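S.K.: Turn this into a model:
(one chain, ligands or ions: 2)
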Amino acid sequence: MSQNGSLERSVPQQRGPSNGEEVGEGSSRLRASPKRDHKPENYDDLQLEFSPLVFSALEQYMPHHMLSIARDDKAQYMRNILHRYLPESERIRILKHKEYRQKIILNYPPLHKEIYCMDAENFFSPSFLRAIKENTEASFKSIMAEPCGGIYTFEMLQPQFCEMLVSEVEHFERWVRETKFRIMRPNTMNKYGVVLDDFGMETMLDRLMNDFIRPISQVFFPEIGGSSLDSHHGFVVEYGINRDVELGFHVDDAEVSLNICLGKQFSGGELFFRGVRCDEHINSETQPEEIFDYSHVPGHAILHCGRHRHGARPTTSGNRINLLLWCRSSTFRELKKYQRDFSSWCGECRRRKKEKEHLTVNAIKEELLKRGIKSAS
Ligand SMILES: O=C(O)CCC(=O)C(=O)O
Ligand SMILES: [Fe+2]
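M.R.: Residues are numbered from 1 along each chain as shown. Ligands and ions are numbered 1, 2, ... in the order given. Here you go, the predicted structure:
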């Protein structure tokens, strides 16, 4: 079992004063709670090692007297703080990756410019669009099947969009070969496939997550951070002749995983699922009711919790290309550090909890029985 790790995420170390009140130095410490009526600056145009959104969010926590200083000084103050939360090596890696992306985006000429911006009417199937527009639990349920607990399947993409995306990926790969550009694969388990975020689709995929997947996840995955998804890793995987053949048993580096088959013609490549597990129980036994196999259908999506253990069987003929969007929640990950019981989503935690409850009930029954016998005699 492996964690299908990506190159994207970095988790700040737990540092700072033990009372959890303030972070920073001397009189210029961060405030314990945000000043919500303060309108933060926009940091989009600055060359920063962290997302401009982090700066805007952090600004509300700055000491009162610093809220009116120049924007550059605020940015410098926050950079100093953020630097202490991220090891040097991690910072360098993020910076290098940002440079890598910028180099591609500056040089790669897209084939279908129209798929780089969210165009819902042309991307999604009418039924999916209708359900999202209605935005209710009932509308989501009306287009979805749940063939196994916590796994949802539904028609999602128009065939024309799938074709355009596949040809864009092929075009990008041709460009990489011709320019001899070094390419980073989606994760440690794939030799083929490309990261869509690396060549200009990050903003479009962010909208896909924020406007389409988060509303659904909020309803179906509330216990694993479905309502606080705040970053993603978007990529395609390619299976078949001269490509990857299969994918080993793993969990994704995601809270919610969206997997959509783009085509083309293929046989095999079924997904197999074996239950949701927390870190501690990742290798625990599968229960019979957790066994589920799924055959991909072009244009159709499968949505599951990233911790749902799964793999892909060999694609035995043709080519299979799938779009993956790993959606992550930094809040969920942070909170998880302080929890031990994951019985709301881990199948093994739940099984053990039930077993314990069962034993306790039996012990109480036995005790009551003994007392009953004594008082009767
Ligand atoms: O091949 C597939 O459809 C599954 C891909 C997958 O699970 C992954 O890339 O994490
Ligand atoms: Fe996966």
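S.K.: Return the residues of the chain in contact with ligand 1.
M.R.: Where the chain comes near ligand 1, counting by Cβ under 6 Å from any ligand atom, the residues are 4, 237, 247, 252, 259, 271, 310, 312, 322, 324. Placement of C-beta: from N, CA and C, glycine included.
S.K.: Is the second one in a helix, a strand, or coil?
M.R.: In the three-state summary, Val237 is assigned as strand, counting by DSSP: H, G, I helix; E, B strand; the rest coil.
S.K.: Where is the longest strand in the protein?
M.R.: Determined from DSSP state E, the single longest strand within the chain is strand 315-328.
S.K.: which element follows that one toward the C-terminus?
M.R.: The helix or strand immediately downstream of strand 315-328 is helix 330-336, counting by DSSP states H and E.
S.K.: From the contact counts, what lies against the longest strand of the chain?
M.R.: Here strand 315-328 is seen to pack against helix 159-179, strand 231-240, strand 256-263, strand 266-268 when contacts are counted using 3 or more Cβ pairs under 8 Å, 6 or more residues apart in numbering; DSSP states H and E.
S.K.: Mind telling me what element Gln339 is part of?
M.R.: Assigned by DSSP H and E, Gln339 falls outside every helix and strand.
S.K.: With the one 3 residues further on instead?
M.R.: For Phe342, there is no helix or strand it lies in under DSSP H and E.
S.K.: For Cys349, see how far away it is.
M.R.: For Phe342, the distance to Cys349 equals 5 Å [Cβ to Cβ, to the nearest Å].
S.K.: go on, Phe181?
M.R.: Here the criterion is Cβ to Cβ. By it, Phe181 lies 45 Å from Cys349.
S.K.: Neighbour count for those two, which is higher?
M.R.: Neighbours of Phe181 and Cys349, each counted by other Cβ atoms under 10 Å, are more numerous for Cys349; the result is 20 against 15.
S.K.: Pull the contacting residues for that one.
M.R.: With Cβ atoms under 8 Å, 6 or more residues apart in numbering as the criterion, the residues that contact Cys349 are 278, 281, 341-343.
S.K.: give me the number of residues near the residue in the stretch 201-350 of the chain that ligand 1 sits nearest to?
M.R.: Using Cβ to the nearest ligand atom, Ala312 is the residue of the stretch 201-350 of the chain that sits closest to ligand 1, at 3.6 Å. The tally of other residues near Ala312 (other Cβ under 10 Å) stands at 25.
S.K.: what residue ranges in the chain score low on pLDDT?
M.R.: Using pLDDT under 70 as the threshold, the predicted model of the chain has low-confidence ranges 1-27, 377.
S.K.: Let's see that with 90 instead.
M.R.: Across the chain, residues meeting the criterion (pLDDT under 90) sit at 1-34, 47-54, 80-95, 182, 187-191, 241-242, 264, 371-377.
S.K.: Return the residues in contact with the residue with the shortest distance to the centre of it.
M.R.: Note on the chain: the residue nearest the mean C-alpha position is Cys327, at 2.1 Å, using Cα atoms, centre = their mean. Contacts for Cys327 were tallied using Cβ under 8 Å, 6+ apart; they are 209, 213-214, 217, 229, 231-232, 254-258, 306.
S.K.: now those residues in CSV, with neighbour count?
M.R.: What follows is those, written out as CSV (neighbours: other Cβ atoms under 10 Å):
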residue, neighbour count
Met209, 21
Ile213, 24
Arg214, 20
Ser217, 25
Leu229, 26
Ser231, 15
His232, 24
Ala254, 26
Glu255, 26
Val256, 30
Ser257, 23
Leu258, 25
Gly306, 22
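S.K.: now, which of the residues you listed sits nearest Phe50?
M.R.: Comparing the contacts of Cys327 against Phe50 with Cβ to Cβ places Ser231 closest, at 12.4 Å.
S.K.: Which parts of the stretch 51-200 of the chain are helices?
M.R.: Using DSSP state H, counting those that start in this stretch, the helices assigned to the stretch 51-200 of the chain run over residues 52-59, 71-85, 88-107, 120-123, 126-134, 137-143, 159-179.
S.K.: Could you check how far Glu163 is from Ile321?
M.R.: With the distance defined as Cβ to Cβ, Glu163 ends up 11 Å from Ile321.
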